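K.L.:
prediction below, plus the sequence it came from.
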Amino acid sequence: MTPEEELAPIKGVAYMDGRFVPLAEAAIPVVDRGFVRSDVTYDALHAWKGRIFRLDDHISRFEASMRGLHMSLPHSGAEIAGILKDCVRRAGLRDAFIMVVCSRGVPPPGTRDPRLCRNRLYAWAQPFMNIAEPRQQAEGFRMILAKTQRIPSESLDQRIKNFHWLDLTMGLFEAYERDATVAILPAADGTITEGPGFNIFIVKDGVLATPAHGMFEGITRRTVTEIAADLQLRCEIRPVRAEEVLAADEIFTSTTAGGINSVTWYEGHAVGDGRAGPITRRIHDLYWQRHDDPALNTPVDDAH
């Protein structure tokens with residue numbers, strides 16, 4: 001298969017440092033530090049039925065990530081939001097997966113000083129995706145606890161969304177080697193962190209728990225905690241030990257790319273009765289109901 005044939009199925013529209021192009025034609029300079037040093041931050045959003053879910057929260061977090069990495073762009077939050085909406089509009093999409101990226105940029109010849117780079121804005125919209133395939137959505141994930149440890153927050157603040165994914169990718173290969181579909185990565189202290197592109201929740205005796213550190217604090221994760229509060233369900237944000245996951249009544253993941261997905265098999269054993277549990281199903285349904293709330297959703301066709 002030629003490179004052109006590989007890219008042909010990619011549908012969508014991208015904004016590449018000042019211009020809009022078809023997503024299949026989008027490119028960055030190979031000497032951009034975002035590519036050669038993973039010196040980049042990003043945020044992932046989605047549009048559903050022509051409205052972007054929690055757009056302001058995502059833009060605020062993206063701006064905070066840039067500040068954390070000493071990056072800046074000549075765009076206001078409203079301007080960035082407008083670019084994202086324009087990507088969705090130009091792509092002709094109602095349901096879209098959206099990425100916004102700030103890369104360090106290209107260093108001047110003869111220097112590696114990151115302060116001398118002009119930071120670059122990249123963004124794109126493509127058809128909505130779910131990290132779970134249709135069968136996995138119906139039957140739930142098969143999950144393992146990886147041996148690969150998550151990069152510690154002492155090395156890199158995981159609250160800053162980043163492309164340092166090799167630890168997550170190695171965990172994913174561990175899952176495939178053990179007849180599973182996803183992995184959760186541990187921290188050095190025996191607690192769990194997150195998986196490739198998702199946060200994790202466990203349910204035990206009607207109480208939810210999700211890790212407090214060592215992972216990215218997702219907007220979908222935040223939405224779950226809000227739903228739990230509305231349902232008057234206790235939701236603990238705290239260190240979660242690996243053995244607690246093994247003893248959980250229910251396990252589910254939260255992510256922009258698909259929302260809430262159940263875990264029905266963990267470390268060689270069925271979780272509960274091997275099906276999505278009642279609390280998981282309730283939170284899944286209420287999460288999608290929130291996509292009809294005008295306070296949380298920004299119409300793509302409206303001015304921001």
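P.N.:
Arrived safely, thanks for sending.

K.L.:
any low-confidence regions in the stretch 201-304 of the chain?
P.N.:
The stretch 201-304 of the chain contains residues with pLDDT under 70 at 302-304.

K.L.:
all strands of the stretch 201-304 of the chain, in order?
P.N.:
Listed from the start of the chain, the stretch 201-304 of the chain has strands (DSSP state E, counting those that start in this stretch) covering 207-210, 235-237, 250-255, 259-266, 269-270, 297-299.

K.L.:
do the same with the stretch 1-150 of the chain
P.N.:
In order along the chain, the stretch 1-150 of the chain carries the following strands (DSSP E, counting those that start in this stretch): 13-16, 20-22, 40-48, 51-53, 96-103, 120-127, 141-145.

K.L.:
number of nearby residues for Leu246?
P.N.:
15 (other C-beta atoms under 10 Å). All C-beta atoms are positioned from the backbone trio N, CA, C, and that covers glycine.

K.L.:
list the contacts of it.
P.N.:
With contacts defined as C-beta atoms under 8 Å, 6 or more residues apart in numbering, Leu246 is in contact with Tyr266, Glu267, His269.

K.L.:
what of Thr280?
P.N.:
Thr280 is in contact with Val203, Glu250, Phe252, Ile260, Ser262, counting by C-beta under 8 Å, 6+ apart.

K.L.:
quick check: it vs Val263, distance?
P.N.:
Using C-beta to C-beta, to the nearest Å, Thr280 is found at 9 Å from Val263.

K.L.:
what is in contact with the two at once?
P.N.:
Shared contacts of Thr280 and Val263, counting by C-beta under 8 Å, 6+ apart, come down to Phe252.

K.L.:
ok, now which ones touch the most centrally placed residue in the chain?
P.N.:
For the chain, the residue lying nearest the average C-alpha position, counting by C-alpha atoms, centre = their mean, turns out to be Gly197 (4.7 Å). Under the criterion of C-beta under 8 Å, 6+ apart, the contact partners of Gly197 comprise Ile131, Leu168, Thr255, Ala257.

K.L.:
related to what we said a few turns ago, export the strands of the stretch 1-150 of the chain to JSON lines and tack on mean neighbour count and distance to Glu236?
P.N.:
Formatted as JSON lines, the entries for the strands of the stretch 1-150 of the chain read as follows, by neighbours: other C-beta atoms under 10 Å; distance: least, C-beta to C-beta, whole Å:
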{"stretch": "strand 13-16", "mean neighbour count": "22", "distance to Glu236": "40"}
{"stretch": "strand 20-22", "mean neighbour count": "15", "distance to Glu236": "44"}
{"stretch": "strand 40-48", "mean neighbour count": "23", "distance to Glu236": "26"}
{"stretch": "strand 51-53", "mean neighbour count": "24", "distance to Glu236": "25"}
{"stretch": "strand 96-103", "mean neighbour count": "24", "distance to Glu236": "30"}
{"stretch": "strand 120-127", "mean neighbour count": "22", "distance to Glu236": "36"}
{"stretch": "strand 141-145", "mean neighbour count": "22", "distance to Glu236": "20"}
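
K.L.:
identify whichever of these lies nearest to Arg159.
P.N.:
strand 40-48 (10.8 Å; C-beta to C-beta).

K.L.:
neighbouring strands for the closest one, and are they parallel or not?
P.N.:
Note on strand 40-48: by DSSP bridges, its sheet partners are strand 51-53 (antiparallel), strand 96-103 (antiparallel).
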